[in-house]
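Visitor: Quick one, structure for this:
(2 chains)
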Amino acid sequence: MNRKIGKQSLIFENKPQFLSSAAIVGDVEGKGNLAEHFDLILDDDRWGEDSWEKSERKMFENAVKLAVQKAKLEISDIDCLLGGDLLNQIISANFAARSLEVPFLGLYSACSTMSESLLVGSMLIDGGYANKVACTASSHFSTAERQFRLPLEMGSQSTPTAQRTVTGTGCSILTNKDDENGMNVFITSATIGKVVDMGIADANNMGAAMAPAAMDTIVTHLDDTKTTLDDYDLVVTGDLGFHGSDLLYEICSEHGVPLSEKKHIDCGKIIFKAEQKFGCGASGCGCAATVLNSYLLKQIKAGVYRKILFMATGALLSTVSGMQGDTIPGIAHAVVIERGSRQ
Amino acid sequence: MNDLRKEEQRRYQNKVNERMPKSETALQCVKAFCVGGLICVIGQFLNDCAIVHMGLDKDMASTFTCIVLIFIAATLTGLGIYDKIGRFAGAGSVVPITGFANSIVAPAMEHRVEGYVMGIGANLFTIAGPVLVYGISASVICGLITCLIIA
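Guide: Below is the predicted model of the structure:
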């Protein structure tokens, strides 16, 4: 049977099931709203390493190890590790995979990497090409800052639309639907996002750059799967922040999808407390990855949400493209995460 | 089709500009004025001290003031304090010579892990470099113009 539906969506027959998850975050995230849900909060974001890059890859490696350990598996049980980060040539993922010594597919779709890895991982499992996959995404405030912006100790101000990159790695272990140790939480369908660029060039306003891509994926997903917002308990976006979320509501309603705060959570809006004063909220691959693999999965497992559309959003810019005057293309991949039974 | 897309983009961009949270320019100007002013007052105090108590002439006193201010700013950068001042004061702590010192020490600290040559050496002026290039170029042009007028 054809498992592609509509224009961009897929349904999974052998529904991949979450087996375990882990989230490691930095100290600043540990002072935020979701502190109690994270598996490990670092005391300092260097984590005893001599560079932040090394600390990020250590976080990546340990998140995978922790998720594997929580699933009562060995690293060698993982058929494929999928994941990426924000650094050039995704070095955090690549170098962590070097020490983990498992088959590895490196992925990049900026901050949408968590959804991308879940999407590709689900395809591997549904297709019978893997029994257990680890889906990961990671970002680090200090490494992202020095790559994309200014040195950390520079005394400059950020604009009100700026968001703070999350220091954190999230990892989900997926297994096939019959696994009795699974969480009874499944990935049932997915939509591969299109790159959408509405001409936003301000690298300090990523929320605005990514909102149209998120809207495009939501509208396409509902259309492809012949569902409406009523079929979902929640739509989760990655890191649109406060400003980006407002824009998303507006452009979604223009396209006939009345999305509002009642049915939407943006990971970038909930991770930090208001008094931490980080402009428009949080961003980075680690934002959606850590929130999903701690708070959200717990909520779904507990039955608070039955079915969610999880959609991390990415801004596909580079330091070179920005300087050459290019606008910022956005992307959003979506997966439907559902609580259910193995039958 | 292309025109339609452009029109859609333009409409979206207008919406973004309308909705986006704006900087509090007036308040920010006051903060910048106060902190920038305070740095200048400290500079003036050092300058006067150098003339009155150390017996330096005017030029030497200016040099002395610069050195002390740069030293203080570099130390505060190293201690992780200057970026906090900068977050509060904006241009108030960027424009004075202390901001220039900060813009050189910050990349030096950051790129230490990539080694002394290709790390610190190559990145020391990544932020201050453009200021130097155009600052020096402008002063050369001004100098030439002055020369021509006087001659």
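
Visitor: and residue 103, what does it touch?
Guide: Just so you know, I chose chain A. Contact analysis of residue A:103 by CB atoms under 8 Å, 6 or more residues apart in numbering or on different chains lists A:79, A:80, A:81. Just so you know, the C-beta spots here come from the backbone N, C-alpha and C atoms, and that holds for glycine as well.

Visitor: Please refer instead to chain B.
Guide: A:154, B:94, B:127, B:128, B:131.

Visitor: Tell me the first helix or strand C-terminal of the strand or helix carrying residue B:26.
Guide: Per DSSP states H and E, residue B:26 falls inside helix B:25-52. Heading C-terminal from helix B:25-52, the first helix or strand you meet, by DSSP H and E, is helix B:58-78.

Visitor: in chain A, what residue is nearest chain B?
Guide: At 2.1 Å from chain B, residue A:155 is the closest residue in chain A, using CB to the nearest CB.

Visitor: Which single residue of chain B ends up nearest chain A?
Guide: residue B:86 (2.1 Å).

Visitor: So that residue belongs to a helix, correct?
Guide: Yes: counting by DSSP: H, G, I helix; E, B strand; the rest coil, one finds residue B:86 located in a helix.

Visitor: so how many other residues sit close to it?
Guide: Residue B:86 is flanked by 25 other residues according to other CB atoms under 10 Å in any protein chain shown.

Visitor: got the contact list for it?
Guide: A:154, A:155, A:156, A:157, B:93, B:94, B:99, B:102.

Visitor: and residue A:190, what element?
Guide: Secondary structure (DSSP H and E) places residue A:190 in strand A:185-191.

Visitor: hey, where'd the helices end up in the stretch 51-200 of chain A?
Guide: Along the stretch 51-200 of chain A, counting by DSSP state H, counting those that start in this stretch, helices occupy A:52-70, A:91-100, A:113-126, A:141-148.

Visitor: Okay, the nearest residue to residue A:26 once chain neighbours are set aside and residue A:226: tell me how far apart.
Guide: Leaving aside its chain neighbours, residue A:26 sits nearest to residue A:167 (3.0 Å; criterion: CB to CB, 6 or more residues apart in numbering or on different chains). Distance of residue A:167 to residue A:226, given as CB to CB, to the nearest Å: 40 Å.

Visitor: Chain B against chain A: which residues are in contact?
Guide: B:8-10, B:12-13, B:15-16, B:19-23, B:28, B:77-78, B:80, B:82-87, B:89-90, B:93-94, B:99, B:102-103, B:105-107, B:109-111, B:113, B:127 (CB under 8 Å from any CB of the partner chain).

Visitor: Residue B:138: neighbouring residues, count only.
Guide: 10.

Visitor: So what touches the helix or strand where it lies?
Guide: Counting by DSSP H and E, the element that carries residue B:138 is helix B:128-150. Outside helix B:128-150, the residues that touch it by CB under 8 Å, 6+ apart are B:100, B:103, B:104, B:125.

Visitor: What about residue A:276, how many residues nearby?
Guide: Each residue near residue A:276 was counted by other CB under 10 Å, and the total is 15.

Visitor: before we move on, back to that, just name the closest of the contacts of residue B:86 to residue A:235, please.
Guide: residue A:157 (32.9 Å; CB to CB).

Visitor: if I pick that closest one, what's in contact with it?
Guide: Residue A:157 sits next to B:28, B:86, B:87, B:90 when contact means CB under 8 Å, 6+ apart.

Visitor: returning to that earlier point: just want to know which of residue A:167 and residue A:226 has more residues nearby.
Guide: residue A:167 (31 against 9).

Visitor: Hmm, residue A:29 and that one touching each other?
Guide: Yes: when contacts are counted by CB atoms under 8 Å, residue A:167 is listed as touching residue A:29 (6.2 Å).
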